[in-house]
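> Predicted coordinates and the sequence they were generated for:
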Amino acid sequence: MLSDLQAYLRDRQQASLSELAECFHTDASALHGMLDRLIRKARVRKLPVKTCGGCHNCQPESLEVYEWVAGGDRA
């Protein structure tokens, strides 16, 4: 699943945690370990959280965005 997650981010360049959870049919908290591993390998980075305007109705997972790092496909 780690390689699938990596390929998804490489193809899309950016995805929110909620998008990833939906795509991989898993709980968002289960993805954190895999995303942390890709961050440590400098393949992915977590973008700063953007607020949507202050309504507080957005799910936190939809505001947590991860980005593929150019050149991150090296071994």
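The structure has been received and is ready for your questions.
> contacts, neighbours, all on C-alpha from now
OK.
> give the contact list for the residue sitting nearest the centre point of the chain.
Residue closest to the mean C-alpha point of the chain, counted by C-alpha atoms, centre = their mean, is residue 66 at 3.5 Å. Residue 66 makes contacts with 9, 14-17, 44-47, as judged by C-alpha atoms under 8 Å, 6 or more residues apart in numbering.
> Strand partners (parallel or antiparallel) of the strand or helix carrying it?
When secondary structure is defined by DSSP states H and E, residue 66 falls within strand 65-68. The strands beside strand 65-68 in its sheet (DSSP bridges) come out as strand 14-16 (antiparallel), strand 44-46 (antiparallel).
> what's the following helix or strand past the first one packed up against?
Going back to what we said before, that points to strand 14-16. Using DSSP H and E, the helix or strand that follows strand 14-16 in sequence is helix 17-23. Helices and strands touching helix 17-23, as assessed by 3 or more C-alpha pairs under 8 Å, 6 or more residues apart in numbering; DSSP states H and E, comprise helix 28-40, helix 60-63.
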